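K.L.:
structure for the following, please:
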Amino acid sequence: MIRHMAIPPATTPDVLDLTDPVRPAWLDDAPRPVRTYLWRPASTPRGTVLLSHGSGGAAVTLSWLAEALAAAGFLAVGVDHHGNSYPTGYVAEAFACWWDRPLDLTVALSEVAAREETGPVGVAGYSAGGYTAAALLGARIDRGIYSDVVHERIPSAPNPEYPNIVEELKSRLTEADLDQWIDHCGRNYRDARARAGFLICPGMAPALDTESLRHIEEPVSIWSAGADDQTPAPEYALRYASLIPGATHQSAGDSVEHYAFLAENEAGAPARAMVATAAVDFFTRTLA
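P.N.:
Residues are numbered from 1 along each chain as shown. The predicted structure is shown next:
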């Protein structure tokens, strides 16, 4: 598994231990936890940006982006995706039920908006979080492709954060479970409040419904990394960019690796600084 270092962010965010009563937690019948972090600007926010971390990560791994957004006047709202986030432990099902991620952001946004001013809303994400951001704009998983993966008709890519996921899921999932997952996977999880998306090394691209990407109307900025061996740009970032109308694509550099965008990765600091500046500029323009 990828070993994340628990490095605290430079600015301590407020933490809300929210729950979603509609969805149960993975390991018991309690409501699904949606731990939410708020990086606040110095004054009334000019807008809010939702943040989704990569698979197996945590909201604080995107503190570099959250802090830049807060310094520019935005309220940055990140979540720990339950079962797919290292601070609270991994659950195999959470690595396969990708659609829970956009639902987490919708819950967090609704709860925060009920408490305070948010202004116009954008969404940003890294790796699996890039898919999450796109899903809030209308990207959908292709049911046929997902069905082929879960029934092992086509091979799935190795999961570096949960290498034994296939064996573990096979030991306890029934056909009824898989049918329910296939039904959920292809639904539209768009949140009409999200007005722009910023995708960093976005994942899940080969499994997404082509027409759903073609129907995204909001502005989208996509960033890739030239040395990315987890979500290589030709199969991932460039698929998003070629299908989403008006989307822009830029590379953070030929030598930049996938994990450069984790806050604890010292070598990735220059790439993160460049992308954070680009994100601030993008949301300043699109959420004006």
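
K.L.:
for the rest of this, base every contact and every neighbour count on C-alpha atoms.
P.N.:
Will do.

K.L.:
where does the prediction get shaky in the stretch 101-250 of the chain?
P.N.:
Low-confidence segments of the stretch 101-250 of the chain, defined by pLDDT under 70: none present.

K.L.:
what do you get if the cut-off is 80, keeping everything else the same?
P.N.:
154-161, 163, 166 (pLDDT under 80).

K.L.:
surely T286 and V220 touch.
P.N.:
No. No contact is recorded between T286 and V220 when judged using C-alpha atoms under 8 Å, the distance being 9.3 Å.

K.L.:
out of the two, which sits in the busier spot?
P.N.:
Taking T286 and V220 together and counting by other C-alpha atoms under 10 Å, V220 has the greater number of neighbours (27 against 16).

K.L.:
returning to what we had before: so what sits against both of T286 and V220?
P.N.:
Between them, T286 and V220 share the neighbouring residues A196, with contact defined by C-alpha atoms under 8 Å, 6 or more residues apart in numbering.

K.L.:
let's see the pLDDT reported for W64.
P.N.:
With respect to pLDDT, W64 scores 98.

K.L.:
mind checking the SS state of it?
P.N.:
Following DSSP: H, G, I helix; E, B strand; the rest coil, we place W64 in the helix state.

K.L.:
repeat that for P45.
P.N.:
If you use three-state DSSP, then P45 falls in the coil class.

K.L.:
same question for A263.
P.N.:
The three-state assignment at A263 reads coil, by three-state DSSP.

K.L.:
could you report the pLDDT at it?
P.N.:
The predicted local confidence for A263 is 95.

K.L.:
is it true that it touches T61?
P.N.:
Yes. Assessed by C-alpha under 8 Å, A263 is found in contact with T61 at 4.8 Å.

K.L.:
okay, those two: which has more neighbours?
P.N.:
Residue environment comparison for A263 versus T61 gives the larger neighbour count to T61, 25 against 22, counting by other C-alpha under 10 Å.

K.L.:
next one: phi and psi at that one?
P.N.:
The main-chain torsion angles of T61 are listed as degrees, to the nearest 10 and equal phi -70, psi -10.

K.L.:
quick one: contacts for it?
P.N.:
When the contact criterion is C-alpha under 8 Å, 6+ apart, the partners of T61 are H53, F261, L262, A263, E264.

K.L.:
repeat for C185
P.N.:
C185 is in contact with C97, W98, W99, R140, I141, D142, R143, Y146, counting by C-alpha under 8 Å, 6+ apart.

K.L.:
swap the cut-off to 7 Å and go again
P.N.:
Listed by C-alpha atoms under 7 Å, 6 or more residues apart in numbering, the contact set of C185 reads W99, I141, R143.

K.L.:
ramachandran angles for the last one?
P.N.:
Going back to what we said before, that points to R143. Here R143 shows phi and psi, under degrees, to the nearest 10, equal to phi -60, psi -40.

K.L.:
can you tell me the number of residues neighbouring it?
P.N.:
Taking other C-alpha under 10 Å as the neighbour definition, R143 ends up with a count of 19.

K.L.:
you'd agree it is up against I182?
P.N.:
Yes. At 6.0 Å, R143 and I182 qualify as touching, with contact defined as C-alpha atoms under 7 Å.

K.L.:
so D209 is in contact with R143, correct?
P.N.:
No. Between D209 and R143 there is no contact under C-alpha under 7 Å: 8.1 Å.

K.L.:
could I get the contacts of T61 as a markdown table with distance to Y37?
P.N.:
Putting the contacts of T61 into a markdown table (distance: C-alpha to C-alpha, whole Å) gives the following:
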| residue | distance to Y37 |
| --- | --- |
| H53 | 12 |
| F261 | 18 |
| L262 | 17 |
| A263 | 15 |
| E264 | 18 |
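
K.L.:
nearest to F198, of these?
P.N.:
Minimum separation from F198 among the contacts of T61 (C-alpha to C-alpha) is found for H53, which lies at 12.5 Å.

K.L.:
just give the number of residues close to that closest one.
P.N.:
Using other C-alpha under 10 Å as the criterion, the residues surrounding H53 number 29.

K.L.:
going forward can the numbers begin at 58, since that is how I track them
P.N.:
Done: numbering now begins at 58, and the last item shifts to H110.

K.L.:
so what's it closest to, chain neighbours aside?
P.N.:
Closest residue to H110 in three dimensions, ignoring its sequence neighbours and counting by C-alpha to C-alpha, 6 or more residues apart in numbering: G186, at 5.0 Å.
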